[in-house]
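Q: Curious how this folds, go ahead:
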Amino acid sequence: MAPQGEVRDEVAAFVKKVGQLARPNADEDGRLLFAMDATMSRQPTWDMAMSLQAGMFQAIPKDSALQVQLIYFRGLGECRASKWVLDAAALARLMSTIACQGGNTQIGKVLAHARDEHRKRRIHAVVYVGDAIEESVDALCAKAGELGLMGLPLFVFQEGRDSRVEAAFREFARLSKGAYARFDSSAPQQLADLLKAVAAYASGGRAHLKLQSSGAARALLTQIEGR
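A: Reported below is the predicted structural model:
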């Protein structure tokens, strides 16, 4: 397990990066793409991960203007995306029904989908949760860099401690002008609070973020108001 101090430092760095996101215009909905690796390697901690990720949507007020799309991959080439919806509760329920299946990662498909959707209409952030890479890291870095040039940041959560995966995930975040944090079961509440803070900010800026009482939310608010 990661030391508590290390997890806190990574969360703080993640919060700082999220605080630098551009806020959607008042007359346009925020849009958040939530991407998940649902391959078999994540099975041991899947229930805990689902609980934290689904809890992210509980922070979105019912009258918010945040559109969310879920995309996940698993099995032999299966990569599916939901519709863009305002009903966060429905997406949370959908997430709870997804089961892991053996197969290789398909991060390239996720990044290509994000690029194509962003070209149609701006996406304000992509959150990706995974633990492995079985694709060309250089090719994925090129795609991440393309997102960065388009103004679409990746916020990458790593489950586990694979150093090769960490190096690649950090590079994806850097190239896309996003952020990286470790998804560690030793500090689930911190990461749950951070996910909720990201959702609250993306949905309604400072006003919605102030409704959150967590330390992660307060740190995020401090970063935003300090700009």
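
Q: For Val126, which non-adjacent residue is closest in space?
A: Leu33 (4.6 Å; C-beta to C-beta, 6 or more residues apart in numbering). From N, CA and C alone the C-beta is placed, and that goes for glycine too.

Q: what number of residues lie near that neighbour?
A: 24 (other C-beta atoms under 10 Å).

Q: List the residues that contact it.
A: Residues near Leu33 by C-beta atoms under 8 Å, 6 or more residues apart in numbering: 68-69, 71, 113-114, 117, 123, 125-127.

Q: Tell me who's in contact with Ile107.
A: Ile107 neighbours (C-beta under 8 Å, 6+ apart): 37, 128, 130, 133, 135, 140.

Q: Kindly indicate which of the residues you listed lies nearest Gly77.
A: Glu135 (12.8 Å; C-beta to C-beta).

Q: shouldn't that closest one be in contact with Thr105?
A: Yes. If you go by C-beta atoms under 8 Å, Glu135 and Thr105 touch, sitting 5.9 Å apart.

Q: of those two, who's got more company?
A: A direct count of neighbours by other C-beta under 10 Å for Glu135 and Thr105 places Thr105 higher, at 20 against 16.

Q: wait, is that one part of a strand?
A: No. Assessed with DSSP: H, G, I helix; E, B strand; the rest coil, Thr105 is coil; it does not lie in a strand.

Q: ok, now how distant is it from Phe169?
A: As judged by C-beta to C-beta, to the nearest Å, Thr105 and Phe169 stand 12 Å apart.

Q: Now do the shared contacts for those two.
A: Counting by C-beta under 8 Å, 6+ apart, the residues touching both Thr105 and Phe169 are Gly130.

Q: which residues touch Glu171?
A: Taking C-beta under 8 Å, 6+ apart, one finds 137, 141, 144 in contact with Glu171.

Q: Secondary structure element for it, which one?
A: Here Glu171, judged by DSSP states H and E, is contained in helix 163-175.

Q: Render the CA-only coordinates of that helix in CSV, please.
A: Presented in CSV, the C-alpha positions along helix 163-175 are these (Å, rounded to 0.1, in the frame of the first residue of the first chain):
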residue,chain,number,x,y,z
SER,A,163,6.1,1.6,-12.3
ARG,A,164,5.9,1.3,-16.1
VAL,A,165,2.2,2.1,-16.1
GLU,A,166,2.8,5.0,-13.7
ALA,A,167,5.5,6.5,-16.0
ALA,A,168,3.2,6.3,-19.0
PHE,A,169,0.1,7.6,-17.2
ARG,A,170,2.1,10.6,-15.9
GLU,A,171,3.2,11.3,-19.4
PHE,A,172,-0.3,11.1,-20.8
ALA,A,173,-1.4,13.6,-18.2
ARG,A,174,1.6,15.9,-18.9
LEU,A,175,1.1,15.9,-22.6
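
Q: next structured bit after it?
A: Moving toward the C-terminus from helix 163-175, the next helix or strand (DSSP H and E) is strand 179-183.

Q: before we move on, back to that, show me what the residue nearest to Val126 is bridged to.
A: With DSSP bridges applied, Leu33 shows beta-bridge pairing to Gln69, Val126.
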